[in-house]
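Chemist: Mind looking at a prediction? Sequence and model below.
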Amino acid sequence: MSGYSITEPTPRQKWIAGTLVVLYALITILPLLWIIATGFKSPADAIAYPPKVVFDPTLEGYVNLFTTRSRATPEALEAMGPPETWYDGIVRQYGMVISGPSRYGERFLNSVVIGFGSTFLSVFLGTLAAYAFSRFKVPLKDDLLFFILSTRMMPPIAVAIPIFLMFRTLGLSDTHLGMILLYTAVNISLAVWLLKGFIDEIPREYEEAALIDGYTRFQAFYKVVLPQAATGIASTAIFCLIFAWNEYAFAVLLTSGQAQTAPPFIPTIIGVGKDWPAVAAGATLFLLPVMVFTILLRKHLLRGITFGAVRK
Amino acid sequence: MSHTPIERVAASTPPAIASRVRGLSDRTLAWIFVAPTIFLLLAVNIFPLVWTIRLSLTNYRANRAGAELEWVGLRNYTRILTDPDIWQTMQATAHFLIWTILLQVLIGFTLAWLINRKFRGNDLWTTIIVLPMMLSPAVVGNFWTFLYQPQIGLFNYAVSFVTGIDPSSFSMIGSVELAPWAIVIVDTWMWTPFVMLICLAGLRSIPDYIYEAAAIDRASPWRQFWTITLPMVLPFLMLAVLFRGIENFKMFDLVVQLTGGGPGSTTELTSINLKREAFEKWRTGYASAYAIILFVTVFGLASIYVKALNKVKER
């Protein structure tokens, strides 16, 4: 680089631009910080006016998130003796006893199972299809690719009616398998398009060399192309995972008890008691992994978003 | 290792022949690789679509599966297109679409343009701005109801802090005038980064030498912006608008958690309206016709738009 370039912004321009962007970033992140903070407030602090920035942190919200509680008379509390654990102690301050675990744990686990299950399946099938589209003469290739893409234009609710009926007939309603298949179908169009881009970038000469060395086509795919495409596959997987993790419309319509994921469940935590800290705690635990993921993997993720969009 | 006769023969033959004996032909492999994807999409996308078209011609109700099916022809379609309530829903959707796209394009482009000044640490701040769009819209919508609470909410407090209005005097999601703006604000907060990232990709695709040439010709920065920057980013910007348009036409999760379509039906966007018809009133046949109309609308508008986009790209 030469010392002077006319296209390089001046330090003053950089400073102004930087200040404005940082300002916007701070405003944008404020609601998220507020969610996290509310999770550590007591119910009274959460609804205080003016809003409390400085408060005594407590784990009440998290205890309420993971337990169901019932009211006990003072005599009954007296008879039970001193609380055995710290979370018992927190609940007893309100004249309550813990009567069992809440369903949050299950719902969170469902999200994990369905999220990872569908991600694995869509990346697996997507890689195979993308490789075929990238390297072979597939009849009607462009039509098929457009068809795969157009499936994303349908509003989820529009497809939900027949899927609801279909799942009811096949016994897939409210099952993990049903949700995994459904999310895979939704994700696979994006997966094929992203992965085809990544595989297109790998030079064909590598495989051709492998074929000459006596590899079969499948071995060449498995031993030469796959390792080369690993980064692309990983970032595609993250996109699929984030989609499945965040999905709400299908989840709320097709699951109720067994296979319900966290997004339809979290809003129901609020209950009649307007327990905002518990909702905030539930939201924090659910959103935080994605935030951390995004920050750690920012290089691949940001590229993937624009890459996927611009290619299409 | 190799136990079957064919594998033993394959192992002892020269590589070129071996690959023909052991390996599948490219053609077969291509089909094996593509078939599962196509099958899945047929089963979960195309078959349901065909089924929806069939249902849309009947008076079927999913909560009364045993009842006799009656063919009603196109009656569901004519009823929807002449229903004033549906047009009100369409208006709410149009308001939401126009304002979210306008705000996101303006803010998103400005941010991208600023970030492209390449100040120090810009990638970290970019990531922070991107965070909201990675999160679950339903959970975010649910939490914004807390921020929008009249007395205690952070949003109302911030507004009163800046303008001096009493924070308990207005309710963003409770009032008929403000609720349509409440959903616009949250959607803009959440999705501006998407437009920003695509614009950033556009800005970074402009080679430096064009600006250098313009500077040698003494084109003012203002003129450079209008004759170089904007025209070259335009295809990207239009693409971002396409994606946001399709997504927001389908909008369901964020708004349903935020306002539930209320108060009254002021924020009842088409998807929410459709869900109500299909899964609360259980008018399955009617809702199917509704779904088809929406799908045709999105598809039609998107196709026209893509044609326009291609024209811009060709220039």
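Modeler: It's in. Numbers count the residues shown, from 1 in each chain, chains lettered A, B, ... in the order given.

Chemist: And the pLDDT for the most centrally placed residue in chain B?
Modeler: Among the residues of chain B, the one closest to the centroid is B:Glu247, at 1.8 Å (CA atoms, centre = their mean). We have a pLDDT of 88 for B:Glu247.

Chemist: shaky segments in the stretch 1-150 of chain B?
Modeler: B:1-24 (pLDDT under 70).

Chemist: One more pass at 90, please.
Modeler: By pLDDT under 90, the low-scoring segments of the stretch 1-150 of chain B are B:1-35, B:37-52, B:55, B:58-76, B:80-81, B:83-88, B:116-124, B:149-150.

Chemist: Can you show me the helices along it?
Modeler: Assigned by DSSP state H, counting those that start in this stretch, the stretch 1-150 of chain B shows helices spanning B:5-12, B:15-22, B:26-41, B:47-55, B:75-81, B:84-115, B:122-130, B:137-147.

Chemist: Just the buried residues of the shortest one, please?
Modeler: This means helix B:75-81. B:Asn76, B:Tyr77, B:Ile80 (16 or more other CB atoms under 10 Å in any protein chain shown). Every residue, glycine included, has its C-beta placed from N, CA and C.

Chemist: ok and the helix or strand hosting A:Ser150 relative to helix B:26-41, angle-wise?
Modeler: Under the criterion of DSSP states H and E, A:Ser150 resides in helix A:141-150. Going by axes from the mean of the first three to the mean of the last three CA atoms, to 10 degrees, helix A:141-150 is angled at 20 degrees with respect to helix B:26-41.

Chemist: What residues sit buried inside helix A:141-150?
Modeler: Burial within helix A:141-150, assessed by neighbour count using 16+ other CB under 10 Å, is assigned to A:Leu144, A:Leu145, A:Phe147, A:Ile148.

Chemist: who touches that helix?
Modeler: Contacts of helix A:141-150 with the rest of the structure, by CB atoms under 8 Å, 6 or more residues apart in numbering or on different chains, involve A:133, A:138, A:188-189, A:192-193, A:196, A:312, B:34, B:37-38, B:41, B:299.

Chemist: so after that helix, what's the next helix or strand?
Modeler: helix A:156-170.

Chemist: rewinding a little: export the helix holding A:Ser150 as CSV, just CAs?
Modeler: What follows is helix A:141-150, C-alpha atoms only, in CSV (Å, rounded to 0.1, in the frame of the first residue of the first chain):
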residue,chain,number,x,y,z
LYS,A,141,-31.1,-28.6,-13.3
ASP,A,142,-32.1,-25.0,-13.5
ASP,A,143,-35.8,-25.8,-13.0
LEU,A,144,-35.1,-28.0,-10.1
LEU,A,145,-32.9,-25.3,-8.5
PHE,A,146,-35.6,-22.7,-9.0
PHE,A,147,-38.2,-25.0,-7.6
ILE,A,148,-36.1,-25.6,-4.5
LEU,A,149,-35.8,-21.9,-4.0
SER,A,150,-39.5,-21.1,-4.6
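
Chemist: Return the distance of it from the chain's centre.
Modeler: Its chain's C-alpha centre and that of helix A:141-150 lie 26 Å apart, by CA atoms, centre = their mean, to the nearest Å.

Chemist: would you list every one of the strands in chain A?
Modeler: Secondary structure of chain A by DSSP state E: the strands cover A:67-71, A:96-101.

Chemist: And for the closest residue to A:Pro57 other than its chain neighbours, the neighbour number?
Modeler: Once flanking residues are discounted, A:Pro57 sits nearest to A:Phe40: 4.2 Å by CB to CB, 6 or more residues apart in numbering or on different chains. Close neighbours of A:Phe40, defined as other CB atoms under 10 Å in any protein chain shown, add up to 20.

Chemist: which residues touch A:Phe40?
Modeler: Taking CB under 8 Å, 6+ apart, we find A:Phe40 in contact with A:Phe55, A:Pro57, A:Thr58, A:Leu59, A:Gly61, A:Pro277, A:Ala281.

Chemist: Return the residues in contact with the spatially closest residue to the first one that is not a sequence neighbour.
Modeler: Taking CB to CB, 6+ apart, and ignoring the residues beside it in sequence, A:Phe55 has A:Asp45 as its nearest neighbour in space, at 4.6 Å. Under the criterion of CB under 8 Å, 6+ apart, the neighbours of A:Asp45 are A:Lys52, A:Phe55, A:Asp56.

Chemist: quick one: which of the residues you listed is nearest chain B?
Modeler: Comparing the contacts of A:Asp45 against chain B with CB to the nearest CB places A:Lys52 closest, at 9.9 Å.

Chemist: Let me have the buried residues of helix B:75-81 in CSV, extended by distance to chain A.
Modeler: Shown next, in CSV, are the buried residues of helix B:75-81 (distance: CB to the nearest CB, whole Å):
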residue, distance to chain A
B:Asn76, 13
B:Tyr77, 15
B:Ile80, 13
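
Chemist: Can you tell me how far the residue nearest to A:Phe116 when sequence neighbours are not counted is from chain B?
Modeler: Nearest residue to A:Phe116 in three dimensions, chain neighbours excluded: A:Leu241, at 7.0 Å (CB to CB, 6+ apart). Distance, A:Leu241 to chain B, by CB to the nearest CB, to the nearest Å: 11 Å.
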